[in-house]
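1. Sequence isn't available, so here's the structure alone:
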């Protein structure tokens, strides 16, 4: 029994010390999405959906929940954000080629249409990110329109 008590104390000690360390935060600003917004011109309802369901993981500005102060949760969230930005970063939209923009818009509306985005793990703690079918339809319609515009631009080059 003594060994289990020592192990328990060691685990608690390590957990407490770990609270003083954490990953780098994604604390840019939303001004970085201005190029994306200007180019894609989402309707107000779609703009709101993007803000509440996409920006935390797909821009340079993340609004962190209270539990992000707890290690190891903060590392898990940081990895989600890093992975999300790797796949699509609205803040880096101005650096994307026309072909990449067209492809990313195709992926965006397909992921939403197939209900792969937003992730379940995100909607568990962000109820406002649970999209209704009308919201999904609005994002898909806007995404298809923007993707078609990019495709047309590619075809005229």
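-> Yes, it's here. Small disclaimer: the values here were computed from a predicted structure and weren't measured. Numbering: from 1, shown residues only.
2. Kindly check the end-to-end length of stretch 30-48 for me.
-> Distance across stretch 30-48, first residue to last, is 13 Å (CA to CA, to the nearest Å).
3. What separates the first and last residues of stretch 40-59, distance-wise?
-> Using CA to CA, the gap from the first to the last residue of stretch 40-59 comes to 15 Å.
4. right, and the secondary structure at residue 7 would be what?
-> Using DSSP: H, G, I helix; E, B strand; the rest coil as the criterion, the local structure at residue 7 reads helix.
5. okay, now it: neighbour count?
-> 10 (other CB atoms under 10 Å). (Each C-beta comes from the backbone N, C-alpha and C, glycine too.)
6. For it, give me the pLDDT.
-> The model reports residue 7 with a pLDDT of 84.
7. try residue 18
-> Looking at residue 18, its pLDDT is 66.
8. cool, and residue 133?
-> pLDDT, read off for residue 133, is 97.
9. same deal with the one 10 residues further on?
-> The score at residue 143 is 97. That number is its pLDDT.
10. Name the residues of stretch 146-157 that are buried.
-> 146, 147, 149, 150, 151 (16 or more other CB atoms under 10 Å).
11. can you pull the contacts of the fourth one?
-> Counting by CB atoms under 8 Å, 6 or more residues apart in numbering, residue 150 makes contact with 98, 101, 102, 105.
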